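Trainee: need the 3D shape of this:
(one chain, ligands or ions: 1)
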Amino acid sequence: MFQLFLPLSFLGFVYREVKASLASIEQMLGLLKQESSVKDSGEQSLSTNKASIEFKALEFNYQSERPILKGLSFKIEAGERVAVVGSSGAGKSTLTKLLFRFYDKTGGDILIDNQSIYQYSLASLREHIGVVPQDTILFNDTLKNNILYASPDANNEEVARVIKMAQLDYFIGQCPEGLETVVGERGLKLSGGEKQRLAIARMLLKRPAIMVFDEATSSLDSRTEKNINQAIREVSEGHTSLIIAHRLSTIIDADNIVVVDDGIVVEQGKHSDLLAQKGHYYQLWQAQKDHALTDH
Ligand code: ATP
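Mentor: Numbering: from 1, shown residues only. Here you go, the predicted model:
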């Protein structure tokens, strides 16, 4: 009886382990499925340390009857920090999905270093772009392996350095097994702010030429928001970065602020110039100020 019990409990253990890893594989397949809609026909290999990006009369729709981007144009010079703002549903996140080639444009072009991204191989393009998405996917694995996800060869010193830069050290210190704590659906659940900081740590290990930050829409407490902004500022220093911003207070010092409305760029410039214009940006700013006042 005992002999029978042992292998059965062992089988139960194996079953749970396999099921847990299948959940991660399902998540990954979900991502791959999204990727498979684009053609990897580019033959050139992108090689750059400081890239410029140009969106040129870009058009896109998820469903043919409903255009989302309608000829959107703006440029980010190499090393610049540019923010894209606009009302909900204006097409801001869609822009980053086209840059990373989760989807392909229906018209216009996107250029990196003055060359269409469609001429670069998918792998070389994505190697140079890091994204901190609104909602980071965590695998059912340890914190350490989740951070190492895009750079599996990084050593312990490098991991410790990015954890500090992403301001995750205090959080990890509080976790029961530190870096070996299992997170994800079957492990410790992370808050929105903690997940974003983990994504920033992943980005730091990868050190891509282009950094994209898609700010979370969900509200973070003001201390977490301040920490994340500080981490983003340090991380993106000197890198070409595109910040999709929902809270205008976080991007006041951007090199350029691009205002998108209904799939096109309606204004762009520095914070103070845009406020002085008393146009779209001014209205967004006023609306957020009123909202902040009613929140307190
Ligand atoms: P928010 O500020 O709320 O994040 P956004 O400006 O980033 O909005 P997008 O996420 O780019 O807006 O979405 C633009 C439009 O495209 C929205 O109307 C949205 O409903 C639609 N959309 C986004 N993703 C898809 C999808 N996978 N399939 C169909 N429609 C989509």
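
Trainee: for N156, which residues are in contact?
Mentor: If you count contacts by C-beta atoms under 8 Å, 6 or more residues apart in numbering, N156 has none. Just so you know, the C-beta spots here come from the backbone N, C-alpha and C atoms, and that holds for glycine as well.

Trainee: so how far is V235 from it?
Mentor: Between N156 and V235 the computed distance is 20 Å (C-beta to C-beta, to the nearest Å).

Trainee: likewise for I117?
Mentor: As judged by C-beta to C-beta, I117 and V235 stand 23 Å apart.

Trainee: what distance do you get for G89 to R66?
Mentor: Distance, G89 to R66, using C-beta to C-beta: 11 Å.

Trainee: near the ligand, which residues of the stretch 1-150 of the chain?
Mentor: Residues of the stretch 1-150 of the chain found near the ligand (C-beta under 6 Å from any ligand atom) are Y62, I68, G86, S88, G89, A90, G91, K92, S93, T94.

Trainee: and those as CSV, adding pLDDT?
Mentor: Compiled in CSV, those are given as follows (pLDDT from 0 to 100):
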residue, pLDDT
Y62, 95
I68, 96
G86, 93
S88, 87
G89, 89
A90, 91
G91, 92
K92, 92
S93, 90
T94, 93
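
Trainee: of the residues you listed, which belong to strands?
Mentor: Y62, I68 (DSSP state E).

Trainee: which among the residues of the stretch 1-150 of the chain next to the ligand end up buried?
Mentor: Neighbour counting with 16 or more other C-beta atoms under 10 Å marks I68, G86, A90, G91, K92, S93, T94 as buried within these.

Trainee: ok, which pair from the residues you listed is furthest apart?
Mentor: Farthest apart among these by C-beta to C-beta are I68 and G86. That separation is 12.1 Å.

Trainee: and the gap between I172 and K226?
Mentor: Counting by C-beta to C-beta, the separation of I172 from K226 is 19 Å.

Trainee: likewise L143?
Mentor: Per C-beta to C-beta, L143 is found 23 Å from K226.

Trainee: which of those two has more neighbours?
Mentor: When neighbours are counted by other C-beta atoms under 10 Å, L143 and K226 differ, and L143 comes out ahead with 28 against 13.
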